[in-house]
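> What would the 3D arrangement of this be:
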Amino acid sequence: MSAWIVWTVAIAMLVLAGFIAATRSRAAARTRELASEMARARRAIALAEASRDTYPGQLAKADVLLDQATGLLSGNDDPATAIRARELAEQADELWRVTGSDT
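Sure thing, here's the model as predicted:
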């Protein structure tokens, strides 16, 4: 009867160790993804700010997009939110570039 207890405890420990290893691996991957997306979003915001600074005048829609992107990025802990912030900043950058080249 004691052999059953030993085997049960050993199996439970193996399952627990596997669960912990998988969870840590997923958490590390999520952290890497978040860092990567945050860096891409910050770069897009910096490019949009540079386009804004070189644009002669005001472009309200692009300003709103850039403000939304900056707001999304602050306090962010979700890669999807960082991706959305990057997309908004890229849209603002494109507006300033296209409108600036038309003038």
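
> residue ranges with poor pLDDT in this protein?
Residue ranges of the chain with pLDDT under 70: 1, 102-103.

> What is the longest helix along it packed up against?
Taking DSSP state H as the criterion, the chain has its longest helix at helix 2-54. Using 3 or more Cβ pairs under 8 Å, 6 or more residues apart in numbering; DSSP states H and E as the contact test, the elements touching helix 2-54 are helix 60-73, helix 79-102. For glycine as for every other residue, the C-beta is placed from the backbone atoms N, C-alpha and C.

> Of all the ones you listed, which one is nearest residue 25?
When these are compared by Cβ to Cβ, helix 79-102 sits nearest residue 25, at 16.4 Å.

> any residues touching the closest one, and which ones?
30, 33-34, 36-38, 40-41, 44-45, 47-48, 51-52, 54-56, 59, 61-63, 65-66, 68-70, 72-73, 76 (Cβ atoms under 8 Å, 6 or more residues apart in numbering).
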